[in-house]
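Student: Sequence and predicted model, in that order:
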There are 2 protein chains.
Amino acid sequence: MTLTPPKLLVFDVFGTVVDWHGSIASEMARLYPQVDGGAFALTWRQGYQPAMARVRSGELGWTRIDELHRLILDNILPSFGLGELPEAERHTLNRVWHRLNAWPDVHAGLLRLKHRHTISTLSNGNIGLLTDMAKHADLPWDCVLSAEVFRAYKPDPRVYLGAAETFDLPPSEVMLVAAHQDDLAAARACGLQTAYIERPLEFGASQPKDVSPHPDNSLHARDFLDLADQLDAARAP
Amino acid sequence: MTLTPPKLLVFDVFGTVVDWHGSIASEMARLYPQVDGGAFALTWRQGYQPAMARVRSGELGWTRIDELHRLILDNILPSFGLGELPEAERHTLNRVWHRLNAWPDVHAGLLRLKHRHTISTLSNGNIGLLTDMAKHADLPWDCVLSAEVFRAYKPDPRVYLGAAETFDLPPSEVMLVAAHQDDLAAARACGLQTAYIERPLEFGASQPKDVSPHPDNSLHARDFLDLADQLDAARAP
């Protein structure tokens, strides 16, 4: 393998680092057992790309994910029979995105990767959300980078190039780690290396995801421990 | 004491967290023993406020501290007999600000403070510099906030208010921790709580600093362990 070891690893977060579907489904089961929590999680998440598109198009000014999540939430509550939910409960529920749980390999994997690389988030989630999540899920980031820093949402090139520039690195010394091929393709177009992570259960056990390799990625890994193994192997003589 | 426990602690870094004077003096002694390293450190740092003033006034567009440090360095090298230093050595020397050492109480103090508070940098240093420094000095930040995020240098109110806004907190639930009364005064004017930290040796043993209390600060602490004690005591019934 001819991989140049990347100095900086930047991570997509929702789905790649944390299990948003399982975390939201289980919080819903606890708080509102009358609702299908898995369907609720999927519906909430389906509003995510369209909401960011409203910011990208200029229809909305710069708006953080916390606020976009809330706009979507207010929209979907009635169809789940929760249209009368009081403000305080809406606020608390919206913050579930701050307390998502990590996939089981993440903590140990990040600790290993952190030895030889700088590890940072590179998420559309806002800084406060990502910081709260890191405390909740014990994620040992070296840095918390967010679309909020660059005032643009992935896949806008400013986000990927901004991460490289922040660390005064050429894009080729930065690797995006993500469970989504479209995110990786956009990073590759900016000259970053890319590592795909299989998260077959991102959408729940009833909707297994296609996790086939894409030949253009620099690496394809089962999880963060496998990624650490492969990066170690690429470094060995 | 009627202190409301702050949710977010934001830290000034140069002088408050790390010993820039001692770290630079000792690196100079190792690399260029013919130079008075302590005087060199003081001269370099003296260029810091005037360089940021050029950004504040608009004479320079947004410029990161790494580049400002380099402008100052190029200016002062000749007067220390290092005017002929080659580019690669200038680049390496300029990065000394990425590998400053922490004061002895910092690591243990931050670990204690991190239990009950979110802890973040709030420095004029750029994000890459602060992240490298955290890896070098083992600083367990929850978040790396910098003037670079807000495109304004302290004491610009946008930096202090930006930190509160990033975490969706009223300024009164944020505390700035710093060894500089002017930084604290500017934060207080924005409604933040303030904690002064004594760093009598910031400018070296030959220039002990006045560390007398200012009555307007919320807290006055000897070091980060003392700060943790005082915040714990304020919380006890």
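Tutor: The structure has been received and is ready for your questions.
Student: what's the pLDDT at residue A:161?
Tutor: pLDDT, residue A:161: 98.
Student: Relative to residue A:224, how far out is it?
Tutor: 25 Å (Cβ to Cβ, to the nearest Å). To be clear about C-beta, it is placed using only N, CA and C from the backbone, and glycine gets the same treatment.
Student: out of the two, which sits in the busier spot?
Tutor: Using other Cβ atoms under 10 Å in any protein chain shown as the criterion, residue A:161 and residue A:224 rank with residue A:224 on top: 28 against 17.
Student: Report the separation between the residue nearest to that one when sequence neighbours are not counted and residue A:139.
Tutor: Take residue A:224 and drop its neighbours on the chain: the residue closest to it by Cβ to Cβ, 6 or more residues apart in numbering or on different chains is residue A:109, 2.5 Å away. Applying Cβ to Cβ, the value for residue A:109 to residue A:139 is 10 Å.
Student: hang on, the residue nearest to residue A:224 in a helix?
Tutor: Yes: counting by DSSP: H, G, I helix; E, B strand; the rest coil, residue A:109 falls inside a helix.
Student: Quick one: residues contacting it.
Tutor: Applying Cβ atoms under 8 Å, 6 or more residues apart in numbering or on different chains, we find residue A:109 in contact with A:223-225, A:227-228.
Student: which one of these sits closest to residue A:60?
Tutor: Nearest to residue A:60 among the contacts of residue A:109 is residue A:224, at 33.9 Å by Cβ to Cβ.
Student: tell me the contacts of that closest one?
Tutor: A:103, A:105-106, A:108-110, A:112-113, A:177, A:197.
Student: From the residues you listed, list just the buried residues.
Tutor: Applying 16 or more other Cβ atoms under 10 Å in any protein chain shown to those, the neighbour count classes A:103, A:105-106, A:109-110, A:112-113, A:177, A:197 as buried.
Student: Please list the members of these that lie in helices.
Tutor: A:106, A:109-110, A:112-113 (DSSP state H).
Student: what's the closest of the residues you listed to chain B?
Tutor: Closest approach to chain B among these (Cβ to the nearest Cβ): residue A:113, at 12.5 Å.
Student: Hmm, that closest one is touching residue A:8, no?
Tutor: No: between residue A:113 and residue A:8 there is no contact, the gap being 10.9 Å when judged by Cβ atoms under 8 Å.
Student: top of the contacts of residue A:109 by neighbour count?
Tutor: residue A:224 (28 neighbours).
Student: Pull up the gap between it and residue A:167, please.
Tutor: Using Cβ to Cβ, residue A:224 is found at 21 Å from residue A:167.
Student: quick one, strands of chain A?
Tutor: Along chain A, counting by DSSP state E, strands occupy A:8-11, A:118-123, A:143-146, A:174-178, A:193-197, A:219-221.
Student: and among those strands, the most buried is which?
Tutor: strand A:174-178 (a mean of 29; mean count of other Cβ atoms under 10 Å in any protein chain shown).
Student: who does it pair up with?
Tutor: strand A:8-11 (parallel), strand A:193-197 (parallel) (DSSP bridges).
Student: Export those strands as a markdown table, with columns for distance to residue A:187 and mean pLDDT.
Tutor: Converted to a markdown table, the strands paired with strand A:174-178 look like this (distance: least, Cβ to Cβ, whole Å; pLDDT from 0 to 100):
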| stretch | distance to residue A:187 | mean pLDDT |
| --- | --- | --- |
| strand A:8-11 | 8 | 98 |
| strand A:193-197 | 6 | 98 |
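Student: Dump those to CSV, plus distance to residue A:23.
Tutor: Below are the strands paired with strand A:174-178 laid out as CSV (distance: least, Cβ to Cβ, whole Å):
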stretch, distance to residue A:23
strand A:8-11, 17
strand A:193-197, 17
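Student: Can you spell out the domain ranges of chain A, please?
Tutor: A:8-19+A:100-235, A:20-99 (automatic domain parsing).
Student: And the pLDDT for the closest residue to residue A:28 other than its chain neighbours?
Tutor: Excluding the flanking residues, the one nearest residue A:28 by Cβ to Cβ, 6+ apart is residue A:37, at 3.2 Å. If you check residue A:37, the pLDDT there is 97.
Student: mind listing what residue A:37 touches?
Tutor: Contact analysis of residue A:37 by Cβ under 8 Å, 6+ apart lists A:24-29.
Student: Same question for residue A:138.
Tutor: By Cβ under 8 Å, 6+ apart, the contact set of residue A:138 is A:102, A:107.
Student: ok, now how distant is it from residue B:136?
Tutor: From residue A:138 to residue B:136 the distance is 22 Å (Cβ to Cβ).
Student: Quickly note the distance from the nearest residue to residue A:47 once chain neighbours are set aside to chain B.
Tutor: The shortest distance from residue A:47 to any non-neighbouring residue, by Cβ to Cβ, 6+ apart, is to residue A:72 (3.4 Å). According to Cβ to the nearest Cβ, to the nearest Å, residue A:72 and chain B sit 18 Å apart.
Student: Please apply the same query to residue A:68.
Tutor: Going from residue A:68 to chain B by Cβ to the nearest Cβ gives 14 Å.
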